[in-house]
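Trainee: sequence below, structure please.
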Amino acid sequence: PGEKGSICLLTGDRLGLGARAESLVTQQQQQAPFCSWKCCVLGRTPIQSAHVMKSFGCQISCALFYFGEIVHHGNCLLFSLFFLKVGDPTPFHIQAEVTMKTNFFGTRDVCTKLLSLIKPQGRVVNVSSVLSLVYLKRCSPELQQKFRSETITEEELVGLMSKFVEDAKNGVHEKEGWPNSAYGVSKIGVTVLSRIYAWKLSEQRRGDKILLNACCPGWVRTDMTGPSATKSPEEGAETPVYLALLPPEAEGPHGQFVQDKKVSEW
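Mentor: From the prediction side, this is the model:
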């Protein structure tokens with residue numbers, strides 16, 4: 001981070017929080033090509049300058065191809081920004097399936113494809129939510145223990161997220177110890193997944209000093225949250241960008257959940 005030739009890949013849209021993240025990064029990364037893979041917007045926009053956003057289609061393979069083509073030029077920053085509007089009259093089991101597919105499995109798919117391309121001293125930031133903490137506390141004690149475990153595996157986590165969707169379809173999710181929030185559970189998944197990937201990086205690439213964290217940008221005024229949210233997009237982008245631009249010599253945070261630039265106990 002901060003070095004000539006660094007690359008930032010933002011998975012999200014060039015609106016609101018994403019736009020402010022781009023602006024803050026390019027202010028501090030004057031030599032960094034800034035790429036955006038839009039998970040919902042079709043088409044490609046040719047790069048015309050070092051800081052223009054790169055639009056990808058819906059297939060992760062497009063992002064993987066482009067990122068792989070340029071990644072050898074320097075260190076990498078990876079943002080995972082996935083959002084889904086909630087609070088609508090859609091039946092809960094459908095909300096659960098779509099929200100989990102977007103927020104959790106979408107984040108996992110991107111990380112699975114791109115983490116191996118992150119160079120030494122790279123930074124990975126998965127945007128979660130403080131609601132992951134709120135709804136973790138509303139899970140049954142058994143589920144809380146599983147989600148807080150430092151030995152939980154990716155396969156076990158995937159199984160739990162899939163079980164939530166299945167329990168919601170069967171109308172028994174609350175009986176099975178789940179909170180009544182598809183968004184909250186999906187963000188629990190993102191936070192725990194980030195912890196798991198950080199542990200893997202520490203085991204498999206210890207000397208590379210890659211730092212991976214989950215964070216909450218706060219309640220930000222976006223198309224998803226509306227005008228009553230308390231933070232501007234500029235304020236919401238501060239913590240993700242802070243984590244993405246941690247200096248090369250930084251030892252942490254790593255595998256943490258961060259709010260307002262401070263580590264919160266999981």
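Trainee: list the contacts for residue 200?
Mentor: Shown in contact with residue 200 (C-beta atoms under 8 Å, 6 or more residues apart in numbering): no residues. For glycine as for every other residue, the C-beta is placed from the backbone atoms N, C-alpha and C.
Trainee: pull out the buried positions in the strand or helix carrying it.
Mentor: Secondary structure from DSSP states H and E places residue 200 in helix 182-204. For helix 182-204, a neighbour-count test (16 or more other C-beta atoms under 10 Å) marks 182-199, 201 as buried.
Trainee: what helix or strand is residue 9 on?
Mentor: Counting by DSSP H and E, residue 9 is part of strand 7-11.
Trainee: what count of nearby residues applies to the closest residue in space to residue 188 that isn't next to it in sequence?
Mentor: Sequence neighbours aside, residue 132 is the residue nearest to residue 188 in space, at 4.7 Å (criterion: C-beta to C-beta, 6 or more residues apart in numbering). Look at residue 132: counted by other C-beta atoms under 10 Å, it has 25 neighbours.
Trainee: quick one, grab the pLDDT at residue 226.
Mentor: On the pLDDT scale, residue 226 is placed at 62.
Trainee: same deal with residue 245?
Mentor: For residue 245, the pLDDT comes out at 87.
Trainee: check residue 217 too.
Mentor: Confidence score, pLDDT, at residue 217: 84.
Trainee: now do residue 115
Mentor: For residue 115, the predicted pLDDT is 88.
Trainee: count of neighbours near it?
Mentor: A count of nearby residues for residue 115, using other C-beta under 10 Å, gives 18.
Trainee: isn't it right up against residue 124?
Mentor: Yes. Between residue 115 and residue 124 there is a contact under C-beta atoms under 8 Å: 7.0 Å.
Trainee: now the strand holding residue 9: mean pLDDT?
Mentor: On average, the pLDDT along strand 7-11 is 68.
Trainee: ok, now stretch 118-135?
Mentor: 92.
Trainee: now swap in stretch 196-210 and tell me
Mentor: In this model, stretch 196-210 carries a mean pLDDT of 96.
Trainee: tabulate the CA atom coordinates of that stretch in PDB.
Mentor: Only the C-alpha atoms of stretch 196-210 are listed here, as PDB (Å, rounded to 0.1, in the frame of the first residue of the first chain):
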ATOM      1  CA  ILE A 196     -11.000 -17.900   8.900                       C
ATOM      2  CA  TYR A 197      -9.200 -16.400   5.800                       C
ATOM      3  CA  ALA A 198      -6.900 -14.400   8.100                       C
ATOM      4  CA  TRP A 199      -6.000 -17.600  10.000                       C
ATOM      5  CA  LYS A 200      -5.200 -19.300   6.700                       C
ATOM      6  CA  LEU A 201      -3.000 -16.500   5.600                       C
ATOM      7  CA  SER A 202      -1.200 -16.500   8.900                       C
ATOM      8  CA  GLU A 203      -0.500 -20.300   8.400                       C
ATOM      9  CA  GLN A 204       0.200 -20.400   4.700                       C
ATOM     10  CA  ARG A 205       1.800 -17.000   4.000                       C
ATOM     11  CA  ARG A 206       3.100 -15.800   7.300                       C
ATOM     12  CA  GLY A 207       6.100 -14.000   5.900                       C
ATOM     13  CA  ASP A 208       4.000 -12.100   3.300                       C
ATOM     14  CA  LYS A 209       2.500  -9.700   6.000                       C
ATOM     15  CA  ILE A 210      -0.900  -9.700   4.300                       C
END
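Trainee: any idea where the helices of the chain begin and end?
Mentor: Residue ranges of the helices in the chain, as given by DSSP state H, are 16-28, 60-70, 92-99, 106-114, 131-136, 141-148, 154-169, 182-204, 233-244.
Trainee: lowest average confidence across those helices, which one?
Mentor: Taking the mean pLDDT of the helices of the chain, helix 60-70 comes last: a mean of 50.
Trainee: on that earlier part again, distance check, the residue nearest to residue 188 against residue 10.
Mentor: Relative to residue 10, residue 132 is positioned 21 Å away (C-beta to C-beta, to the nearest Å).
Trainee: which residues touch residue 180?
Mentor: Contacts of residue 180 (C-beta under 8 Å, 6+ apart): 92, 173-174.
Trainee: try 6 Å this time
Mentor: residue 174 (C-beta atoms under 6 Å, 6 or more residues apart in numbering).
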